[in-house]
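A.B. asks: Have a look; sequence and predicted model below, questions after that.
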Amino acid sequence: PAARAGRVRPVPAVSRSTAILRLLGRVGQPLGVKAIADELALVPSTCLHILRVLVAEELVTWDPATKRYALGNGMISLARSVLDRSGFPQLIQPVLDRLAGRFCVTAMGVEITSRDTVVVLALSHSNQPFRVHTDVGSRFDTLVSATGRLIAAHGGESWTELRKKFSQIHWDKAPRFDTWKKEVELARAQGFSVDRDNFMAGLTVVAVPVSTAGGRLAYTVVVVGLSSQLTTVATDLLAQEMMREAREISGLLVEGV
C-alpha cells in the first residue's frame, strides 16, 4: 500500500501546462503557439487549448497584436503566496543584508528543490558597483558552484552517481573531477564550500548549509564576490560569519516545525 501511495499517475494536461509555464519563464520573452508547441513537442491545437485556459486563469497573457504569449501577473501572486508561507526568506533576509553590507558581496538565500535544481528565494546586493546578475526565482543545477559541493557532500549519493552528474555541469572553468571530489570532502569536514573561478571566472562563491528538522540540508546561504577581493583570509573570515548566522537560522527553522 505504501508503494502504491507513493506512485504519481501522470496527468497529461497538468504536465503540459507546467511545461508551458516553465518554458515561458525560462526563455524570458513572448512566444507564439507554434514556437511553444514545437519546443515542447505538443500538438498545436492542444497547446492552444491549454494556453487559452492559462490566459483565463491569468497565469499567462496574450498579446493580440503579436499573437504571442508570456507569463501573467497571476504567477506573481502565486509566487508571493509561496514566499509568504515559507519562513526561510523572512528569516534570512536580514542576514543577507548584513553580509552584503559588511563584506561588499552579493548574498543569496537558496532552496534545494526535489527537481535537481536550486532556486534563489532571497537576495541582497551591496552598494558596490559590481553586482551579480541574478534574481529571486532564478534556478540553477544542483551540483553547480559552491552549493553544489555542499549537496554532493551531504546528499548521500555515491561517487559513481556524482561523477555522471558532474560531467553535465556547465562551468566557466571546469575543475578536474578529482579536484572537485577533494573540495566536496573538504566541504563536508569544514562546514562550508568555496568555488573560486570555476563557475564563473573572476568570481568566488562561498556557501554554507542551513538544515531543518532531522538535519536535512534544505537551504544554503551563498555569497558571491570578486576573487581579487575575497582572498583566502577574507574568505575564511566570511565563511565563519556565514556559518554562525546559518546555525541561528537552522535553530529557528527547527523550532518553527
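C.D. replies: In hand now; what should we look at?

A.B. asks: Okay, strands next: where are they in the stretch 101-250 of the chain?
C.D. replies: Along the stretch 101-250 of the chain, counting by DSSP state E, counting those that start in this stretch, strands occupy 106-112, 117-124, 139-141, 193-196, 203-211, 217-226.

A.B. asks: For residue 92, which of these is the nearest?
C.D. replies: Of all the strands of the stretch 101-250 of the chain, strand 106-112 sits nearest to residue 92, with 3.8 Å by CB to CB. Using the backbone N, CA and C atoms, a C-beta is placed for each residue, glycine as well.

A.B. asks: Dump the closest one to PDB, restricted to CA.
C.D. replies: Extracted C-alpha coordinates of strand 106-112, given in PDB (Å, rounded to 0.1, in the frame of the first residue of the first chain):
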ATOM      1  CA  THR A 106      26.000  39.700  -3.300                       C
ATOM      2  CA  ALA A 107      24.300  37.400  -0.800                       C
ATOM      3  CA  MET A 108      21.600  34.900  -1.500                       C
ATOM      4  CA  GLY A 109      19.300  32.500   0.300                       C
ATOM      5  CA  VAL A 110      18.900  29.400  -1.800                       C
ATOM      6  CA  GLU A 111      16.500  26.500  -1.500                       C
ATOM      7  CA  ILE A 112      17.300  23.000  -2.700                       C
END
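
A.B. asks: The residue nearest the centre of the chain and residue 99, how far apart?
C.D. replies: Residue closest to the average C-alpha location in the chain (CA atoms, centre = their mean): residue 119, at 2.1 Å. Plainly put, residue 119 is 19 Å away from residue 99 if you go by CB to CB, to the nearest Å.

A.B. asks: can you list the residues that contact the longest helix belonging to the chain?
C.D. replies: If you go by DSSP state H, the chain has its longest helix at helix 232-255. Under the criterion CB atoms under 8 Å, 6 or more residues apart in numbering, residues 87-88, 91-92, 95, 98-99, 102-103, 105, 191-192, 194, 204, 206, 208-213, 218-219, 221, 223, 230 lie in contact with helix 232-255.

A.B. asks: ok, now with 6 Å
C.D. replies: The contact list for helix 232-255 (CB atoms under 6 Å, 6 or more residues apart in numbering) reads 91, 95, 103, 191-192, 206, 208, 210-213, 221.

A.B. asks: So which bits of it are buried?
C.D. replies: 235, 238-239, 241-243, 245-246, 249-250, 253 (16 or more other CB atoms under 10 Å).
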